[in-house]
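*Asks:* Kindly generate the corresponding structure for this input.
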Amino acid sequence: MEITELIGKAREGDARASEHLFAVLYDELRRLAAGQLRGAEVMRATSLVHEAWLKLAGHGAVVVNDRSHYFSVAARVMRQIVIDHVRARGALRRGGGAAPASLDTTALQVAAEERDESLLALDAALVRLAAVDADLAALVEMRFYAGLELSEIADAQQRSESSLKRDWRRARAFLQREMMPA
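*Replies:* Below is the predicted model:
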């Protein structure tokens, strides 16, 4: 059964389709999470995938249309989980004083290095980017939070990789400008 068909059935409330969808996409989501972690112990890939799945499948709250939309939503959920984790850790140790760092390639790598202020600054800049260009913000979520390569995003969105490279450069430039100290 095709992923888009499984998504449709799961959206209609078919619990078996939802379970089968998770089984089909589990390895892919785990690979994405593991790519994010790159050896970091801040979160385990399995934990991130399970927490993301619970949010995605919980009570049918998330409606997705196809594979591309699914991975876009999964990236957004992973972003929320990472940011929530960083905020919770920050609440435990207010005033850590770590210096902000530049935009990195993976969110969990930044979180693992305890550069929480950088991650929170990026999240705020990403909110501003979404207000200006939602597609660029979604691209950042898929690259930075889900760890997808541009070629994978191009396949999922049926766009050219060169077009995505241009968008990625624009998004990074915007975020770097937004994150520069005043």
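*Asks:* all contacts plus neighbour counts: C-alpha atoms, from now on.
*Replies:* OK.
*Asks:* Next secondary structure after the least confident helix or strand in the chain by mean pLDDT?
*Replies:* Across the helices and strands of the chain, mean pLDDT, DSSP states H and E gives its lowest value to helix 107-112, namely a mean of 52. Moving toward the C-terminus from helix 107-112, the next helix or strand (DSSP states H and E) is helix 116-132.
*Asks:* okay, the angle between the longest helix along the chain and helix 116-132?
*Replies:* Ranked by residue count, the top helix of the chain under DSSP state H comes out as helix 67-92. Helix 67-92 and helix 116-132 meet at an angle of 140 degrees, taking axes from the mean of the first three to the mean of the last three CA atoms, to 10 degrees as the criterion.
*Asks:* quick one: buried residues of helix 67-92?
*Replies:* Within helix 67-92, the residues scored as buried using 16 or more other CA atoms under 10 Å are 67-68, 70-79, 81-83, 85-87.
*Asks:* Same question for stretch 121-140.
*Replies:* 121, 122, 123, 125, 126, 128, 129, 136, 137, 138, 139, 140.
*Asks:* So what's the model's average confidence on stretch 134-142?
*Replies:* Averaged over stretch 134-142, pLDDT sits at 91.
*Asks:* What ranges in the protein fall below the confidence cut-off?
*Replies:* 1, 32-46, 57-63, 90-116, 182 (pLDDT under 70).
*Asks:* show me what contacts residue 167?
*Replies:* If you count contacts by CA atoms under 8 Å, 6 or more residues apart in numbering, residue 167 has them with 136, 139.
*Asks:* Check which helix or strand it maps to.
*Replies:* With DSSP H and E as criterion, residue 167 is part of helix 161-179.
*Asks:* Identify each buried residue in that helix, please.
*Replies:* Residues 161, 164, 167, 168, 171, 174, 175, 178, 179 are the ones in helix 161-179 that count as buried (16+ other CA under 10 Å).
*Asks:* Excluding sequence neighbours, find me the nearest residue to residue 146.
*Replies:* residue 75 (4.7 Å; CA to CA, 6 or more residues apart in numbering).
*Asks:* quick one on the thing from earlier: out of the buried residues of stretch 121-140, which comes closest to residue 157?
*Replies:* Using CA to CA, the shortest approach to residue 157 within the buried residues of stretch 121-140 belongs to residue 139, at 10.3 Å.
*Asks:* How about that closest one: what's its closest non-neighbour residue?
*Replies:* residue 168 (7.1 Å).
*Asks:* Which strands and helices lie in contact with the longest helix of the chain?
*Replies:* Applying 3 or more CA pairs under 8 Å, 6 or more residues apart in numbering; DSSP states H and E, one finds that helix 67-92 contacts helix 45-57, helix 107-112, helix 116-132, helix 150-157.
*Asks:* Alright, I will stop here.
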